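**Student:** Here's a sequence, model it:
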Amino acid sequence: MHSTPEFVASVKPFDTVASGDAHPLARVRYGRGTAFVRWRHIRHDTLLAETGRTLDYWLRIDAYASQIIYQVRELISKARIPAVADFADLHNHLDANTGWGNPIDSLSAEDFAAVQWRFTDRIRTEEPLT
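**Tutor:** Prediction:
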């Protein structure tokens, strides 16, 4: 039994489509503590029930993560920071809690945490920063 509860860590809004009806599927990654522990595909029409958030919310989180990835790539290309493996690594090189611009800097702590998880998910599975 785990003492730390599992939570929805990251949602990739458009990962694939369902076989048969071609309904869009999101990939939902679950976390426990500071690690991803599992994932599964969720139909868009059940995303709210599964995650407590709408597709529009996850699309915004994904867009904010993309903006930060772009900014981090710029810092890496100018040799201001080395490549990082996750959002937590950024804290070794800069104040990663601010300076991303609005609306990211104005997000609630919960929403900013969702952006950090999505950033980490994207650079590990889709867009490595190497």
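
**Student:** Let's verify the spatially most central residue of the chain: helix, strand, or coil?
**Tutor:** Nearest residue to the geometric centre of the chain (CA atoms, centre = their mean): R118, 0.5 Å. R118 carries the three-state label helix when classified by DSSP: H, G, I helix; E, B strand; the rest coil.

**Student:** Grab the nearest non-local neighbour of it.
**Tutor:** Closest residue to R118 apart from its sequence neighbours, by CB to CB, 6 or more residues apart in numbering: A65 at 3.9 Å. C-beta coordinates here come from the backbone N, C-alpha and C atoms, glycine included.

**Student:** Please identify the helix or strand for the one you found.
**Tutor:** Using DSSP states H and E, A65 sits within helix 55-77.

**Student:** Now do that helix: which elements does it pack against?
**Tutor:** The contact analysis (3 or more CB pairs under 8 Å, 6 or more residues apart in numbering; DSSP states H and E) places helix 55-77 against strand 6-17, helix 47-51, helix 109-125.

**Student:** Isn't I104 up against S66?
**Tutor:** No. With contact defined as CB atoms under 8 Å, I104 does not count as touching S66 (10.8 Å).

**Student:** measure the residue of the chain positioned farthest from its centre to I42 for me?
**Tutor:** Distance from the C-alpha centroid of the chain peaks at G20, with 28.4 Å (CA atoms, centre = their mean). Separation of G20 from I42 (CB to CB, to the nearest Å): 16 Å.

**Student:** cool, and N102?
**Tutor:** Using CB to CB, N102 is found at 30 Å from I42.

**Student:** Compare those two (neighbour count), which wins?
**Tutor:** Between N102 and I42, counting by other CB atoms under 10 Å, I42 is the more crowded of the two (19 against 7).

**Student:** ok but the more buried one is inside a strand, no?
**Tutor:** Yes. I42 forms part of a strand when assessed by three-state DSSP.

**Student:** so which helix or strand takes in T98?
**Tutor:** Short version, using DSSP H and E: T98 is in no helix or strand.

**Student:** How many residues are close by it?
**Tutor:** T98 has 10 neighbours, counted by other CB under 10 Å.

**Student:** Okay, now the unreliable bits of the chain?
**Tutor:** 1-2 (pLDDT under 70).
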